[in-house]
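Undergrad: Generate coordinates for the sequence data below:
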Amino acid sequence: MKSLVQSPGLDFHKREVYLGWGLVFPSVFIILSLILYPIVYNIFLSFFDVSLGSSNTYIGLENHKNVVSDVFFWKALMTTIIYVVCTTLGTTLVGLIVALVMNKEFPFRGLVRSLVLFPYVAPVISVVFSWQFIFDPVNGIVMDVLVERLGILSDRVNLIGSPSSAVWVAILFSIWKNFPFTYLMILSRLQGIDQGLYEAAEVDGASGWEKFRHVTLPEIYFITGSIILLRVIWNFNKFDEVFLLTGTNVKVLSVYTYYKAFVGTMEMGQGSALALIQFILLIGFILFYVRKVLKW
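TA: The predicted structure is shown next:
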């Protein structure tokens, strides 16, 4: 009798489970198709000599060996590390400072908070053209200030056209373009901190720096750590901003992969091997960061 009473409930529970999976499956299938299939197919191509005019030839690990032995790969990797480290630290620090300022009371704070978001929401193509005009060697504001007004440089130079200086322009652009995201996330956490903690610190005679160090930093540690992880992932894969602003003058790994696969000799097999190596490096960093820093 007991089993007969429970069986309708069990059947209802199973139907709920099946219904849930039935509703979720189309979305899961589409997402996996858009994400998993390109990854698997890219891994597959990395083991072949890809030819558009004829069938592909299996060559094993030859593409990977050629990529690792290529001196330009190591230069691109070093450029990528410099770009990722500087942009991640820059966006985090600037976003933190702006968030601390915007957390204070001052006139027209709501308006200023909205204006700060402009670089992040502005179309990348429009702001890229603006920056190219600003750094133009003939008519740009930067050269006018550095050469004519301050006399720091003796002659006008094309900062975006030179690979050695273009990377720093790309870093400045990325910091300016993306710090509002960091600012917004940190500000939302700052507003959730219990003000009683600051009042208790004041009673104990803590200075402004001590309150920031012992109250603010521990409260924003997790959100800041998560932002750094996201920014590393995004900056490591960044292509549009770097390519639109500098062309191929700044060959980070994403731009170098595009150059290898679709420009010049169009070595798509090596381009796939490059993308696979990027994927492995990024996964390795994520696992290390999550375990050692975020301590998940």
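Undergrad: where does this protein dip in pLDDT?
TA: Along the chain, the parts satisfying pLDDT under 70 run over 1-10, 53, 264.
Undergrad: Tell me which residue is most central in it.
TA: What sits nearest the mean C-alpha location of the chain, by CA atoms, centre = their mean, is Trp234, with 1.9 Å.
Undergrad: so what's it up against?
TA: Taking CB atoms under 8 Å, 6 or more residues apart in numbering, we find Trp234 in contact with Asn178. Placement of C-beta: from N, CA and C, glycine included.
Undergrad: So which bits of the helix or strand containing it are buried?
TA: Taking DSSP states H and E as the criterion, Trp234 maps to helix 217-236. By neighbour count with 16 or more other CB atoms under 10 Å, helix 217-236 contains the buried residues 219-220, 223-225, 227-229, 231-236.
Undergrad: top helix in the chain by residue count?
TA: Identified as the longest helix of the chain according to DSSP state H is helix 2-45.
Undergrad: helix or strand right after that helix?
TA: By DSSP H and E, the next helix or strand past helix 2-45 is strand 48-49.
Undergrad: Which residues does that following strand contact?
TA: By CB under 8 Å, 6+ apart, strand 48-49 touches Asn56, Thr57, Tyr58, Ile59, Glu62, Asn63, Gly269.
Undergrad: And the residues you listed, which two are furthest apart?
TA: Using CB to CB, the pair of these lying farthest apart is Asn56 and Glu62, separated by 12.7 Å.
Undergrad: my guess is Phe73 contacts Leu274, does it?
TA: Yes: between Phe73 and Leu274 a contact is recorded at 7.2 Å, counting by CB atoms under 8 Å.
Undergrad: of the two, who's got more company?
TA: Leu274 (28 against 21; other CB atoms under 10 Å).
Undergrad: gap between that one and Pro119?
TA: Taking CB to CB, to the nearest Å as the measure, Leu274 falls 30 Å from Pro119.
Undergrad: and what of Tyr258?
TA: Taking CB to CB, one finds Tyr258 at 25 Å from Pro119.
Undergrad: And Leu159, by the same measure?
TA: 20 Å.
Undergrad: and what of Gly269?
TA: Gly269 is 38 Å from Pro119, by CB to CB.
Undergrad: Neighbour count: those two, which is higher?
TA: Per other CB under 10 Å, whichever of Gly269 and Pro119 has more neighbours is Gly269, with 25 against 17.
Undergrad: Spit out the contact partners of the more buried one.
TA: Here Gly269 is in contact with Leu45, Ser46, Phe47, Phe48, Asp49, Val50, Asn56, Ile59, Asn63 (criterion: CB under 8 Å, 6+ apart).
Undergrad: what helix or strand is it on?
TA: helix 268-292.
Undergrad: starting at the chain centroid, how far to the helix or strand Arg189 falls within?
TA: Assigned by DSSP H and E, Arg189 belongs to helix 163-190. Centroid separation for helix 163-190 versus its chain: 10 Å, with CA atoms, centre = their mean, to the nearest Å.
Undergrad: and that helix, what other elements does it pack with?
TA: helix 71-102, helix 109-116, helix 118-121, helix 124-134, helix 217-236, helix 240-246 (3 or more CB pairs under 8 Å, 6 or more residues apart in numbering; DSSP states H and E).
Undergrad: buried ones in the fourth one?
TA: Across helix 124-134, burial judged by 16+ other CB under 10 Å covers Val127, Val128, Trp131, Gln132, Ile134.
Undergrad: Return the distance of it from the chain's centre.
TA: 20 Å.
Undergrad: Which of the residues in the following helix or strand past that helix are classified as buried?
TA: Per DSSP H and E, helix 124-134 leads on to helix 141-143 as the next helix or strand towards the C-terminus. Neighbour-count burial for helix 141-143 flags Val142, Met143 (criterion: 16+ other CB under 10 Å).
Undergrad: Quick one: residues in contact with helix 141-143.
TA: With CB under 8 Å, 6+ apart, helix 141-143 has contacts from Ile134, Phe135, Asp136, Pro137, Leu153, Arg156, Val157, Leu159.
Undergrad: got it, and stretch 248-266?
TA: 52, 72-73, 75-77, 79-80, 83, 160-163, 166-167, 170, 236-239, 242-243, 267-268, 270-272, 274-275, 278.
Undergrad: ok, so what distance separates Asp155 from Leu146?
TA: Taking CB to CB, one finds Asp155 at 10 Å from Leu146.
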